[in-house]
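Asks: sequence-free structure coming up:
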């Protein structure tokens, strides 16, 4: 049951003793809209988790919370203060509490929110102090003003953290289990009807695509703070020990670059974006890349993944296409195999083949003569050339 005001420890801003001169208070109130916009812009730029959130209803909530907080602070600093919850700071504290609850419902941790508060404190102090100095505030009062700014931000961040904790204690944990269940359905290949029902129960809006990201368990939380709050997270990735799995929404196109930056240096493996109901295909590719030691971007290793998709089939193909060399001495067979690979890669250009093999072009001509005797017209047959190219790649 929601509370009208969060229970907070003794407020550090109560009875602070600072009263801004009327001229300073008026100047700062004029600057309030500009300061609020700069705070929001800095949060969008510096906290990746809010980059997309600001475009929706959550963005409006955060903008309103910033303006409410700054307005409450100026009322407090202007002399209207006290511990009574009916004072002008009470709406800002309550707004911060509700913001924390909203962040928990959005699936974001407090890390992103507290980062936003730190950025808000820095930008607010920079802009408010400039206005205070320009209005003639003396150094001693400015120091007390700074102390009040940061004490107020601490109070708001503590209130948001309390709201976040309370939400998790009630509905948040239940919803997280529902989201994990949804992720399990998607990975198990459940029917579209079952997946959509699970998404509705979890209050999760299906995106256009999902991208599977395998992350070491120790790195799971830092990565979660840098991606969309609608990301589905499994603390234990199916089939991979000591790893977690994230299913990140709508990280296709330009969004893929941001996702790769978010996992940089974290030993993650990022699969391809797939329609959300087909995310199992993304995870399958992640598993193959992880097993082969490839990463972080599976799409940078497509040739290797294709060629190694069925190692036994590739070995059988190699034995099949190199059968004409089976009766040769091993050393001779190896030289002709190297020559054939270079010939295929360089499209038969003798000078380039010779340079790649560090031999004379006449040597290439001699060896290719041997290969033509062994393969006959096969080296002119497109299907044989294709099989040789795949087998020797």
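Replies: Looks like it arrived, so ask away. Predicted model only: the values in this text are computed from it and were never measured. Numbering: from 1, shown residues only.
Asks: hey, where'd the strands end up in the stretch 101-250 of the chain?
Replies: Ranges of strands in the stretch 101-250 of the chain, per DSSP state E, counting those that start in this stretch, are 209-216, 232-234, 243-249.
Asks: and those strands as TSV, adding mean neighbour count and mean pLDDT?
Replies: Just so you know, the C-beta spots here come from the backbone N, C-alpha and C atoms, and that holds for glycine as well. What follows is the strands of the stretch 101-250 of the chain, written out as TSV (neighbours: other C-beta atoms under 10 Å; pLDDT from 0 to 100):
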stretch	mean neighbour count	mean pLDDT
strand 209-216	25	96
strand 232-234	22	94
strand 243-249	25	95
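Asks: in this protein, where's the longest helix?
Replies: helix 139-167 (DSSP state H).
Asks: what packs against it?
Replies: Helices and strands touching helix 139-167, by 3 or more C-beta pairs under 8 Å, 6 or more residues apart in numbering; DSSP states H and E, are helix 57-77, helix 89-105, helix 110-134.
Asks: which other residues reach the longest one?
Replies: If I follow you right, that is helix 110-134. 20, 24, 27-28, 31, 34-35, 38-39, 42-43, 46-47, 49-50, 62, 66, 69-70, 73, 99-100, 103, 142, 145-146, 149-150, 153, 156-157, 160-161, 164, 221-222, 225, 229 (C-beta atoms under 8 Å, 6 or more residues apart in numbering).
Asks: so which bits of that helix are buried?
Replies: Using 16 or more other C-beta atoms under 10 Å as the test for burial, helix 110-134 gives 110, 112-117, 119-121, 123-125, 127-129, 131-132.
Asks: tell me which other helices or strands the worst-scoring helix or strand of the chain on mean pLDDT touches.
Replies: None of the helices or strands of the chain scores lower by mean pLDDT, DSSP states H and E than helix 57-77, at a mean of 74. Judged by 3+ C-beta pairs under 8 Å, 6+ apart, helix 57-77 is in contact with helix 22-46, helix 89-105, helix 110-134, helix 139-167.
Asks: for the shortest one, which residues meet the burial criterion?
Replies: Residues of helix 89-105 classed as buried under the neighbour-count rule (16+ other C-beta under 10 Å) are 89, 91-105.
Asks: any regions of the stretch 101-250 of the chain where pLDDT drops low?
Replies: Where the stretch 101-250 of the chain drops to pLDDT under 70, the residues are 172.
Asks: check which helix or strand residue 318 maps to.
Replies: Assessed by DSSP states H and E, residue 318 sits inside helix 311-321.
Asks: what comes up buried for the helix or strand following that helix?
Replies: Proceeding N to C from helix 311-321, the next assigned helix or strand is helix 330-345, under DSSP H and E. Buried residues in helix 330-345, defined by neighbour count with 16+ other C-beta under 10 Å: 335, 336, 337, 338, 339, 340, 341, 342, 343, 344.
Asks: just to revisit the earlier point, which other residues reach the least confident helix or strand of the chain?
Replies: 13, 16, 18-20, 25, 28-29, 32-33, 35-36, 39-40, 43, 50, 53-54, 87-93, 95-96, 99, 102, 106, 116, 120, 124, 145, 148-149, 152, 156.
Asks: over to stretch 280-295?
Replies: For stretch 280-295, the external contacting residues (C-beta under 8 Å, 6+ apart) are 186-189, 210-214, 238-240, 245, 267-274, 298, 301, 304-305, 308-309.
Asks: what is the burial count for the closest residue to residue 298 other than its chain neighbours?
Replies: The spatially closest residue to residue 298, leaving aside those adjacent along the chain, is residue 289, at 4.4 Å (C-beta to C-beta, 6 or more residues apart in numbering). Residues near residue 289, counting by other C-beta atoms under 10 Å, number 25.
Asks: what do you get for residue 203?
Replies: The burial count assigned to residue 203 is 11, neighbours taken as other C-beta under 10 Å.
Asks: against residue 358, how distant is it?
Replies: Using C-beta to C-beta, to the nearest Å, we find residue 203 at a distance of 65 Å from residue 358.
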